[in-house]
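[1] how does the following fold in three dimensions:
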Amino acid sequence: MAAWAAGVSLAVLVAVLSAAAQDAPPLPSPTPIPIERTPPADLPNEPPPVAPDFKAPPRPLPTTNRVGVDVGNQVPLTLDNAIRLALENNNAIAISRNDVEIAEFNLKRAEGVYDPEIFSEGSYERATTPVASLIGGAVNGSVTNTRYFGSGGVQGFTRRFGGSYVARFDSTRSTTSNTNAFLNPNYPALLTFQYTQPLLRNRSTDNNRRQIEIAKKNLSLSDSQFRAQAIEVISRLEQAYWNLAFALRNLQVQIDAVKQARSQLESNERLVSRGVLAPIEVVAATAQVTSLEQNVFAAQEEVTRNENILKTLIAPDRNSSVWSQALTPVSPVSYEAPRIGLDVAIAEALKNRPEIAQLETSAEINRIDRAFFENQTKPQIDLVGSYSSQGLAGAETARAIDPTTGLSRVPANLVGNYLTSLGNLLAQDYPTFRVGVTITLPWGNTAAKADLGRTLVEERRIGNVRALTEQAIEAEVRNALQALRSAEARLASASVNRSAAEQLYESEQRQFQSGTTTFYRVLERQNELIASQGRELQAQTDLNRAISEFQRATGTTLSANNVSVTDGRNLLLRSRDREFTFNARPLLPITSTTKE
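    The predicted structure is shown next:
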């Protein structure tokens, strides 16, 4: 009865809907909408076929040996030992050491301007002069003078107040044919002291002192550049070390994947032989094996490339034995990133980065130049003082005797030889004093004013460069800190993803063995597992690289690795129980001391 009532109700409903459809107005026809199409672009002519029937002939696989590396000679290498080798052998650090040494010698050269300069001169002269008068003492109308001249002394600059000094001694043995001469030969001698003291220009500073101060700053700049080079090398070494660790782990993952694929191929062959699987599944498994084998060889190439980068940083030259060794990183992967706030990290970077120290040194050098060129705009006023003492002696001539009295007209102290002349000089009976002022006023002094203007502009330029550098440092610190956080998150996610991929692959294998899934799904799960394992390894490596980059960005690479710079060019590496000192003296072995 209930079924009959339901059938009647359904018939009534259909009748009502049919009547309503007949009474309803017709639906309007749709309005066509024009479609605007961009005309297709013209394609170039098809190129001529190049080897259209090419097929690579079957050939045996090449040897799996690595080029130039004995894989049987595995060398375990910790990160600390790699850093020690780099500090000892890296040529970039050695070049920076050389630059520091050059700066030290430049400073010594600049200070050498205050070394006293000893000079001497000796000459022989014979001069015949025509004389046309009796008073001139001529013999046959000429006078011949013969002179042996010797001179010597010392001169130099004083370190304070820009003064200069000269001490000079002159002596001569002179003979003459002049008939009026009272002494022949005679021995004149002269001792002179002179000191020049600038009063305005070159008093507070001069070019000698300026060059010394600049050389000191350049030495400080070289020290900072040496520190920057050490940071750069250690940072690059850490990156290369972890890249090699990733490449080796990735190679192992790819080899394991090939082993799994080969095992699956053998299983498929057994199932095909029993008639459970279609033969095409063996072809699919074979294609998977060969595809994964290609990944193995690509991973092996990456191992060699990253290992060579690391060897370049730790080997002293191309003949080092390390080139034939297989390096194996053994330092554990760090999972803990530095916990530091952004403001603290930026403050550390601005305090530790060598670029800031270098700009400060450049600003100090410019201030030295500015003080010097300001001084050069002043007039040159020098106080000059001198003192001299003369001596003279010689043999009397007949002309020296007064014919009237028969006595010598030459004082007794002037009669004698060369030693008598020196005695007269030391007795200071014939002194000469001189004090004067020398004034020099360059018209316009354009050169000094232009140099001063250039230093003022250079001061503003250094300020702008520093602002730009600080901005770049802040951006680097922000990026490095964000990279740390992202690397931590990616590692946590990648670990979970890898674990899930392992479970899915194992489940898919079980289902395939029971016949509830296809081999295509097994291949998908295997590829997903390989990719997830690679992402986890990459995430681990990225975290270590991010830590290294953060240390470089904040300028703490040296302290984080227990390395310090001493004397501007010596590197001190502290390990757990030893200290290694790497100095700038060439061809000397590393000195190591064991702590008590």
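[2] where does the protein dip in pLDDT?
    The chain contains residues with pLDDT under 70 at 1-38, 50-64, 134, 334-335, 566-596.
[3] how many neighbours does Lys125 have?
    Lys isn't right for residue 125; it's Glu. Using other Cβ atoms under 10 Å, Glu125 has 11 neighbouring residues. C-betas here are computed from N, CA, C, even on glycine.
[4] and the helix or strand where Arg498 lies, what does it pack against?
    Counting by DSSP states H and E, the element that carries Arg498 is helix 446-514. Applying 3 or more Cβ pairs under 8 Å, 6 or more residues apart in numbering; DSSP states H and E, one finds that helix 446-514 contacts helix 342-352, helix 354-376, helix 519-554.
[5] could you redo the last one with a cut-off of 10 Å?
    With contacts taken as 3 or more Cβ pairs under 10 Å, 6 or more residues apart in numbering; DSSP states H and E, helix 446-514 sits against helix 207-273, helix 342-352, helix 354-376, helix 519-554.
[6] looking at those, which is closest to Thr405?
    helix 207-273 (60.6 Å; Cβ to Cβ).
[7] how is this protein partitioned into domains?
    Domains of the chain are assigned by automatic domain parsing as 74-104+211-367+452-569, 119-198+393-429.
[8] the helix or strand harbouring Phe149: what's the following helix or strand?
    Element membership for Phe149 (DSSP H and E) is strand 142-157. Downstream of strand 142-157, the next assigned helix or strand under DSSP H and E is strand 164-176.
[9] please produce JSON lines containing the domains of the chain, extended by distance to Ser386.
    Shown next, in JSON lines, are those (distance: least, Cβ to Cβ, whole Å):
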{"stretch": "domain 74-104+211-367+452-569", "distance to Ser386": "28"}
{"stretch": "domain 119-198+393-429", "distance to Ser386": "4"}
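[10] burial measure for Ser273, as a count.
    11.
[11] from Ala398, how far off is it?
    144 Å (Cβ to Cβ, to the nearest Å).
[12] and if you look at Val465?
    From Val465 over to Ala398 (counting by Cβ to Cβ), the distance is 85 Å.
[13] the more surrounded of these two?
    Higher neighbour count among Val465 and Ala398: Val465, with 14 against 9, using other Cβ under 10 Å.
[14] grab the nearest non-local neighbour of the more buried one.
    Leaving out its chain neighbours, the residue that sits closest to Val465 by Cβ to Cβ, 6 or more residues apart in numbering is Leu359, at 6.3 Å.
[15] got it, and Gln511?
    Thr517 (4.1 Å).
[16] is that neighbour in a helix, a strand, or coil?
    coil (DSSP: H, G, I helix; E, B strand; the rest coil).
[17] check contacts around the nearest residue to Trp323 once chain neighbours are set aside.
    Distance criterion Cβ to Cβ, 6+ apart; nearest residue to Trp323, sequence neighbours excluded, is Lys311 at 5.9 Å. By Cβ atoms under 10 Å, 6 or more residues apart in numbering, Lys311 lies in contact with 69, 85, 240, 244, 318, 320, 322-325, 327.
[18] now do the residue nearest to Gln511 against Val282, distance only.
    As judged by Cβ to Cβ, Thr517 and Val282 stand 17 Å apart.
[19] what's the answer for Tyr505, then?
    20 Å.
[20] rewinding a little: the residue nearest to Trp323 falls within a helix, correct?
    Yes - judged by three-state DSSP, Lys311 forms part of a helix.
[21] which ones are touching Leu481?
    Taking Cβ under 10 Å, 6+ apart, one finds 337-338, 340-342, 345-346, 546, 549-550, 553-554 in contact with Leu481.
[22] going by distance to Ala298, which of these wins?
    Ala546 (25.0 Å).
[23] isn't the closest one right next to Glu488, touching?
    Yes - when contacts are counted by Cβ atoms under 10 Å, Ala546 is listed as touching Glu488 (8.4 Å).
[24] mind checking which of these two has more residues around it?
    More crowded of Ala546 and Glu488, by other Cβ under 10 Å: Ala546, with 24 against 17.
[25] let me see the contact set for the more buried one.
    Neighbours of Ala546 in contact, by Cβ under 10 Å, 6+ apart: 242, 337-338, 479-488, 490.
[26] ok, the residues you listed vs Ile231, which is closest?
    Nearest to Ile231 out of these is Ala480 (Cβ to Cβ; 13.8 Å).
[27] list residues touching both of Ala546 and Glu488?
    Ala337.
[28] neighbour-wise, which one of the contacts of Lys311 leads?
    Leu244 (26 neighbours).
[29] and the residue nearest to that one when sequence neighbours are not counted, backbone torsions?
    Once flanking residues are discounted, Leu244 sits nearest to Asn306: 4.3 Å by Cβ to Cβ, 6+ apart. When quoted as degrees, to the nearest 10, the phi and psi of Asn306 stand at phi -70, psi -30.
[30] ok, now which ones touch Asn306?
    Counting by Cβ under 10 Å, 6+ apart, Asn306 touches 239-248, 327, 329.
[31] hmm, try it at 7 Å
    240, 243-244, 247 (Cβ atoms under 7 Å, 6 or more residues apart in numbering).
[32] could you measure from it over to Arg249?
    12 Å.
[33] swap in Ile231?
    With Cβ to Cβ as the criterion, Ile231 and Arg249 are 27 Å apart.
[34] likewise for Ala483?
    21 Å.
[35] equivalent analysis for Asp170, please.
    Using Cβ to Cβ, Asp170 is found at 85 Å from Arg249.
[36] cool, Val333 as well?
    Between Val333 and Arg249 the computed distance is 9 Å (Cβ to Cβ).
[37] ok, those two, which is more surrounded?
    Between Val333 and Arg249, counting by other Cβ under 10 Å, Arg249 is the more crowded of the two (21 against 15).
[38] quick check: neighbours shared by Val333 and Arg249?
    Listed as contacting both Val333 and Arg249 by Cβ under 7 Å, 6+ apart is no residue at all.
[39] what's in contact with stretch 250-264?
    Against stretch 250-264 from outside (Cβ under 7 Å, 6+ apart): 285, 288-289, 292-293, 295-296, 299-300, 303, 522, 526, 530, 533-534, 537.
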